[in-house]
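1. Sequence and predicted structure, then a few things I'm wondering about:
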Amino acid sequence: MDPTSRGPEEHGQHGRGPDDPATPAHPAGPHRDSSPNSASRGYPSTPEFGAAAPVRTVQLTSGDYLLTVNPVDGSEIEPCPPGEQPASPQRYDADERAARRSAALPPPPPGPARVRPPLLERQEVRERLTRLLARGRSVRLTGPAGSGRTSLLEALAEDCADLAPDGVVRLSGHRRTAAELLHELYAAVYASPGHRPDEAQLRACVHDIGAVVVLDDLEFGGAALQDFLDATPECAYLLAATPDVAAPSAESHVEEVFLGGLDRAAGLKLLELATGRPLSDEEEALAGDLWFESEGLPLRFMQAGALLRQRDRLLADAVDAEGGPEEGGPVPLPSLAEAAAPAALLASRLSESARATLEFAVALGGEVPHQAHLPALIGDTHADAALGELAAAGLVGPTGARHRLAAGVLTQLEAAGYGDTAPARAHGAAQHYAWWAGHPSVTAERATAESDALLAALGVLVPGTESGHLGSAVLLARTAAPALAAGLAWGAWERVLRIGQEAARLAGEVAEEAYFHHELGVLALLGGQLERARTELEASIGMRGALADKRGTVAGRRALALVSDRDGTTPPAGLPVSRRADGAAPPRAVSAAPPSPGFASDEIQTVVSRAAAEPQEESPRKAAVAGTRRNLAAAGAGALLAVVLGTVVTLGAISDDETPPDTVRPDRTTGQQDDDLPADPPEDELSSGPAAPSTPSTSDSPGSGSPSDSPSGSESPSPSGSPSDDPTTTKPPSSSKPPTTTKPPSSSKPPTTTKPPTSSPPPSSPDPEPSDTDPGSSEPASSSAAAPSGSGEPSGVESSA
């Protein structure tokens, strides 16, 4: 699908008739998958082309950034790693400059070669401009549309080819800003594939360019033009503009040369050359009236010559037809009104393909599609010849590397009804370009050359007045944006993104709108507009988060982290940390270990460890930012430690004040677990008085009394307070083994013991029933289980080990 060497099979017009001009013959585009992670978006998936092609990613460098153009999830941007920085740009030599100048010209239309008419009454101004440019002066050539400015510039470019070291550079200012023209000037002189310099690098490179710059269709002046000229002090400019463009500032020292119309004799001579024969008296009279009405504009005489040639062919056809010219009558001369506005009459006598081409041009705002696209758009394999017809009739003219409708033709055709089919024609063009821009065989340079037509089609569809227009606009912007980014046409890339974002918003396609926001954020970051980049990226992340688009969200968060790193702000939580320019990991803050008891909380510091071993000098702003981050980290660590210590102290105080009464202690019996809740005494002791308080069994426990002075050496006194009468019965030392039966701590009720009978057991009973106490306890459950004091009876219950 090379636009300059086209084949009919490359445009998919098989089985296509000319009866439906609104829809291209080939598939309009790939099936649009609503999933944000679709890997085949922008590429055809039809029986003709097979399965979807792999995603084409392109890596570019701009300044100190590495940009990866990803047409699926969005472009990724990161600091350019060491070793991947582009080499210094090299200048083109003379042969390479000549080849690039030839490639920048519009391709000649098919058909017989047209002879360029001579420049009449322009020799004097031509010599003057050449002398000014040879002295290094810049000149602004001002003239109305149709005065022959472009033809004069072509002749001057040939005259000045050897005046400057870098030769002659031809640029087109049609819909171009000063920044875009500086980048185009840089690309015309320096060879730096895959690299777009940033502002500082660009101005440093163009400052040394010494060339004669021929700039046609200039659309800005004043301060913008002054800044443009100051950036290239070694260049001599030949600027061509219409009178309605702002004039240069007084400080620019640009010479003003006005280009007017031809005189009457030169007008008659040009009309005679355009007709190809001597003029009759009636035709000379018509030429005089036309000269007065048009003020001698050469374009009007060229179009009048085309009208006369068409009349000659019609007369010849009438003579050759049956019945001769008497049946149909003679073909009259065009009237003055028709000669002054000849577009409608000229178009009516052209072929059907030429008229269809005019309809597309009117729909696209004057942009004529490249001749290689005409067969697919119109549905005629020979439609590329229509461009030759239009150029010969004076209806189109060269503008940069493309063709546009000539001055005044768009208005005349719209008045003649050629704009009635504009919505359908623009829709068909958008579908065609969406398929074409996403085709794997189309390079970024070829897509860039069609950027004006792409933007024109988008501008017609975005209001969404008819069904399907918004969807086609979104698809076209989605497929064309990565190609324009890869082709380094970032001015057109930005315009396509903004139109696509608006179309996606109106169509309700959130996934596509998030993609356009992401790309706009990346583009703003590349241009150093950090606040705009942050706004666009945050909008994209929010939309993709709502859609659960993980890969797109990660790409947006990476770019947003880089924005935060550039402007020195703290990135939001969850953002990945961007890599440093040297490829090493960035510094990371590590909080010190929690202090031991007695370590003051205000002494906590934050240790900053760096991946790079060698020290590097930092600017004062970076040092201040780093110190602020360390202070914030230290303050956070201190506050966290204070909260933890306060919580521990509070819990300890609560646990000491509110000891659960049901806690089982292994060194006490069940009745001794709480001093306020003694075991139930027997009824006889209740009647005689309070029972003697029990004492701890061992001297190791806190608050225990002195051991007994019994001769047996027993350390445990009897429950009544006297030593045991049985020397062989000794109490074993208290065991630290926990009891096997414990009461759940949830109840505050004292442990339940087996209540003795209401009357004390008879003394003759040597072995009373043991108590219901815990076998692991060190003393009897209560003092009532033992024999009365001084009875000489052994204790009724022995403590188990």
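-> Great, that's in hand.
2. Am I right that residue 292 sits in a helix?
-> Yes - under the criterion used here (DSSP: H, G, I helix; E, B strand; the rest coil), residue 292 sits inside a helix.
3. Renumber starting at 59 from here on
-> Sure thing, new numbering starts at 59, so read that last one as residue 350.
4. Might you report the residue contacts of it?
-> Residue 350 makes no contacts at all, as judged by Cβ atoms under 8 Å, 6 or more residues apart in numbering. C-betas here are computed from N, CA, C, even on glycine.
5. Equivalent analysis for residue 338, please.
-> Taking Cβ under 8 Å, 6+ apart as the definition, residue 338 has no contacts.
6. Spell out the residue ranges of the strands in the chain.
-> Ranges of strands in the chain, per DSSP state E, are 116-120, 123-127, 134-137, 148-149, 197-200, 226-230, 248-249, 270-274, 294-299, 313-316, 454-457, 460-463, 646-649, 664-667.
7. Please produce CSV containing the ones you listed, extended by distance to residue 401.
-> Formatted as CSV, those follow (distance: least, Cβ to Cβ, whole Å):
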stretch, distance to residue 401
strand 116-120, 42
strand 123-127, 41
strand 134-137, 48
strand 148-149, 44
strand 197-200, 25
strand 226-230, 23
strand 248-249, 42
strand 270-274, 22
strand 294-299, 23
strand 313-316, 27
strand 454-457, 11
strand 460-463, 8
strand 646-649, 70
strand 664-667, 73
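8. For residue 431, find the nearest of the ones you listed.
-> strand 460-463 (11.6 Å; Cβ to Cβ).
9. Just the C-alphas of the closest one, formatted as PDB.
-> Provided in PDB are the C-alpha atoms of strand 460-463 (Å, rounded to 0.1, in the frame of the first residue of the first chain):
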ATOM      1  CA  ARG A 460      -0.100  17.900  -0.500                       C
ATOM      2  CA  HIS A 461      -2.800  19.400  -2.700                       C
ATOM      3  CA  ARG A 462      -5.600  21.700  -1.600                       C
ATOM      4  CA  LEU A 463      -8.500  23.400  -3.300                       C
END
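10. Which positions within it qualify as buried?
-> For strand 460-463, a neighbour-count test (16 or more other Cβ atoms under 10 Å) marks 460-463 as buried.
11. closest to residue 709 out of the strands of the chain?
-> So among the strands of the chain, strand 646-649 is nearest, using Cβ to Cβ, at 23.3 Å.
12. ok, back up a step: next, give me the two most distant ones among the buried residues of strand 460-463.
-> Taking Cβ to Cβ, no two of the buried residues of strand 460-463 sit farther apart than 460 and 463, at 11.2 Å.
13. can you redo the buried residues of strand 460-463 as TSV with pLDDT and distance to residue 505?
-> Below are those laid out as TSV (pLDDT from 0 to 100; distance: Cβ to Cβ, whole Å):
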residue	pLDDT	distance to residue 505
460	91	13
461	93	18
462	95	19
463	97	23
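14. for those residues, which one is nearest residue 597?
-> Closest to residue 597, out of all of these and judged by Cβ to Cβ, is residue 460, at 34.6 Å.
15. Give the full set of residues in contact with the closest one.
-> Shown in contact with residue 460 (Cβ under 8 Å, 6+ apart): 164, 425-426, 428, 507, 510-511.
16. correct me, but residue 223 touches residue 266?
-> No - with contacts counted by Cβ atoms under 8 Å, residue 223 stays clear of residue 266, the gap being 9.9 Å.
17. For burial, what's the neighbour tally of residue 251?
-> 9 (other Cβ atoms under 10 Å).
18. before we move on, what about residue 398?
-> Residues near residue 398, counting by other Cβ under 10 Å, number 17.
19. Likewise for the one 4 residues further on?
-> Neighbour count for residue 402, taken as other Cβ under 10 Å: 16.
20. can you tell me how far it sits from residue 294?
-> From residue 402 across to residue 294, the span is 42 Å (Cβ to Cβ, to the nearest Å).
21. repeat for residue 319
-> 27 Å.
22. Please apply the same query to residue 512.
-> 34 Å.
23. Between the two, tell me which one has more neighbours.
-> The neighbour comparison of residue 512 against residue 294 (other Cβ under 10 Å) goes to residue 512, with 30 against 21.
24. give the contact list for that one.
-> 491, 495, 505, 534, 538, 550, 554.
25. With neighbour count and pLDDT added, can I get the residues you listed in CSV?
-> Output for those, formatted as CSV (neighbours: other Cβ atoms under 10 Å; pLDDT from 0 to 100):
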residue, neighbour count, pLDDT
491, 27, 97
495, 26, 95
505, 25, 95
534, 30, 97
538, 30, 97
550, 24, 97
554, 27, 97
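26. would TSV of those residues with distance to residue 227 be doable?
-> Below are the contacts of residue 512 laid out as TSV (distance: Cβ to Cβ, whole Å):
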residue	distance to residue 227
491	29
495	28
505	23
534	31
538	27
550	20
554	26
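27. Of these, which is the nearest to residue 566?
-> residue 534 (17.5 Å).
28. Identify the residue nearest that closest one in space, chain neighbours excluded?
-> Excluding the flanking residues, the one nearest residue 534 by Cβ to Cβ, 6 or more residues apart in numbering is residue 492, at 4.2 Å.
29. Check residue 540 too.
-> Leaving aside its chain neighbours, residue 540 sits nearest to residue 129 (3.9 Å; criterion: Cβ to Cβ, 6+ apart).
30. my guess is the one you found meets residue 114, correct?
-> Yes - counting by Cβ under 8 Å, residue 129 touches residue 114, with 6.8 Å between them.
31. Identify the contacts common to the two.
-> With Cβ under 8 Å, 6+ apart as the test, residue 129 and residue 114 both reach residue 540.
32. quick one: which of the two has more around it?
-> When neighbours are counted by other Cβ under 10 Å, residue 129 and residue 114 differ, and residue 129 comes out ahead with 24 against 16.
33. and residue 222, how far is that from residue 372?
-> Residue 222 is 50 Å from residue 372, by Cβ to Cβ.
34. When the two are compared, which one has more neighbours?
-> residue 222 (20 against 15).
35. That one: what's it in contact with?
-> Here residue 222 is in contact with 268-270, 293-294 (Cβ under 8 Å, 6+ apart).
36. switch the cut-off to 6 Å
-> Applying Cβ atoms under 6 Å, 6 or more residues apart in numbering to residue 222 gives the contacts 268-270.
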